[in-house]
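Trainee: this one's sequence-less:
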Ligand code: GDP
Ligand code: MG
């Protein structure tokens, strides 16, 4: 190993675990990013607390800076909070499955009725749509337009002022006609009010929907928490559909809504057309909310090439001082794989400067000579280099076809390196060494 590499290892020691101190920067970055994504402040606070408790004491791969390791943990945590995935409409095998859509005005309920119809039609199921928004004058006609476009029936009673009665009659009709699915397009208001909530409650009581979905506008920010909380208190929600995620919105509202309702996020709407409905994918959404794709990708890659078990074995060896020239050789052989060094160095902060040196012909010649020299040693010499006197040195050099100073240099380097490694093993040095092994 070059002197430069040794000192780089040295400067990277002591960063082995996430501590309150070294997490602070990372937590700040994450918090800022989530607030910018419009996650509600209180939800961000809860989340940060949860993540820092989880991350504290976690091992940092030596190839990563603490904040990178933290972002990786945050990303995984986001995925687990946003899940589970459940895009099923849970259709019953008998009788119509009643799906009720609710949400604030303009959130996308009526459009989503069309999108769900399209989805069902692809399964050869023709739903009956019920026009239960009697608040907006044009709402009934809007649903009829969608029904004509998609060739699905729409039930409406233009002169009836009671949405509960309309829903009941619509469901009865679906039952009488043997429809598999009936979707209730309910009214919204610009903001939550008691009248809306009591109306929804009465519909819920009267027709007992099988699935109640809250439709949320993905562009809403801080308000999302309050309204979702109210809807969830009033109705027993079965899922959330978030619309308008085709724009710039980073979708932080989704995390807020998930946090307050706890129900699965079923779909996301990504456009005005009927086919713009996608099953929810937590990975994509976590990335979008966090917007630290580069860091996450680097961290994933670093974790991918580190085999935990091998790493622990090597680290134990190093810590106990059992690390031999044979282990060193194995390490070198793996490092000597073409291209790996560069990739590895690219992942290691502060190591980029060594990339060229380590990938140079000279370095690879050096590594080959080192491996050759160790190969020329007996097993005893490999585990106990102290016994290698001048006589043995000459023998080894001749066997490996190298000059004697190459062997002396190797033994000297190993002498310096071994205690260094031993001291660092507890501090996460093994991670880096494991990377060297691949
Ligand atoms: P409702 O009041 O809840 O029934 O909302 P609407 O279904 O009438 O939708 C309100 C507006 O949002 C309409 O202009 C829709 O075209 C639009 N909209 C709904 N969903 C989406 C979506 O996923 N993406 C985009 N870009 N627009 C949407
Ligand atoms: Mg509507």
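Mentor: Perfect, thanks for sending it. Bear in mind that the values here come from a model prediction, so they are computed numbers and not experimental data. Residues are numbered from 1 along each chain as shown. Ligands and ions are numbered 1, 2, ... in the order given.
Trainee: around ligand 1, which positions in the stretch 201-350 of the chain sit nearby?
Mentor: Taking Cβ under 6 Å from any ligand atom as the criterion, the stretch 201-350 of the chain approaches ligand 1 at residues 215, 243, 244, 246, 269, 270, 271, 272, 276. The C-beta positions use only the backbone N, C-alpha and C, and glycine is treated the same way.
Trainee: kindly recompute the last result at 8 Å.
Mentor: Residues of the stretch 201-350 of the chain lying close to ligand 1 by Cβ under 8 Å from any ligand atom are 215, 217-218, 243-247, 268-272, 276-277.
Trainee: hmm, which of those are the buried ones?
Mentor: 215, 217, 218, 243, 244, 245, 268, 269, 270, 271, 276, 277 (16 or more other Cβ atoms under 10 Å).
Trainee: not counting sequence-adjacent ones, nearest residue to the last one?
Mentor: Meaning residue 277. Once flanking residues are discounted, residue 277 sits nearest to residue 115: 3.9 Å by Cβ to Cβ, 6 or more residues apart in numbering.
Trainee: wait, that neighbour touches residue 274, no?
Mentor: Yes - the criterion here is Cβ atoms under 8 Å, and residue 115 meets it with residue 274 at 5.2 Å.
Trainee: the more surrounded of the two?
Mentor: Taking neighbours as other Cβ atoms under 10 Å, residue 115 and residue 274 compare with residue 115 leading, 25 against 19.
Trainee: give me the contact list for stretch 274-285.
Mentor: For stretch 274-285, contacts defined as Cβ atoms under 8 Å, 6 or more residues apart in numbering pick out 78-80, 82-83, 85, 87, 112, 114-119, 146, 149-150, 241-242, 246, 251, 254, 264-270.
Trainee: at 6 Å instead, please
Mentor: Applying Cβ atoms under 6 Å, 6 or more residues apart in numbering, the external contacts of stretch 274-285 come out as 79, 82-83, 87, 114-115, 118, 251, 265, 267-270.
Trainee: pLDDT of it, averaged?
Mentor: Averaging pLDDT along stretch 274-285 gives 94.
Trainee: ends of it, what's the gap?
Mentor: Its first and final residues considered, stretch 274-285 spans 21 Å by Cα to Cα, to the nearest Å.
Trainee: how about stretch 85-97?
Mentor: End-to-end span of stretch 85-97 (Cα to Cα): 21 Å.
Trainee: quick check: buried residues in that stretch?
Mentor: For stretch 85-97, a neighbour-count test (16+ other Cβ under 10 Å) marks 89, 96, 97 as buried.
Trainee: a markdown table please, covering those and showing pLDDT and distance to residue 58.
Mentor: Converted to a markdown table, these look like this (pLDDT from 0 to 100; distance: Cβ to Cβ, whole Å):
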| residue | pLDDT | distance to residue 58 |
| --- | --- | --- |
| 89 | 96 | 39 |
| 96 | 96 | 50 |
| 97 | 98 | 44 |
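Trainee: tell me where the model's unsure across this structure.
Mentor: Within the chain, the segments meeting pLDDT under 70 span 1-15, 62-63, 304-315, 331-360, 420-438.
Trainee: domain parsing for it?
Mentor: Annotated domains of the chain cover 19-56+62-84, 97-280, 306-437 [automatic domain parsing].
Trainee: a markdown table for those, including distance to residue 287?
Mentor: A markdown table is the format used below for these (distance: least, Cβ to Cβ, whole Å):
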| stretch | distance to residue 287 |
| --- | --- |
| domain 19-56+62-84 | 7 |
| domain 97-280 | 10 |
| domain 306-437 | 19 |
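Trainee: nearest to residue 290, of the ones you listed?
Mentor: domain 19-56+62-84 (5.9 Å; Cβ to Cβ).
Trainee: hmm, residue 185 is touching residue 114, no?
Mentor: No - counting by Cβ atoms under 6 Å, residue 114 is not a contact partner of residue 185; they are 9.5 Å apart.
Trainee: settle it for me: which of these two has more neighbours?
Mentor: Neighbours were counted for residue 185 and for residue 114 using other Cβ under 10 Å; residue 185 has more, 30 against 26.
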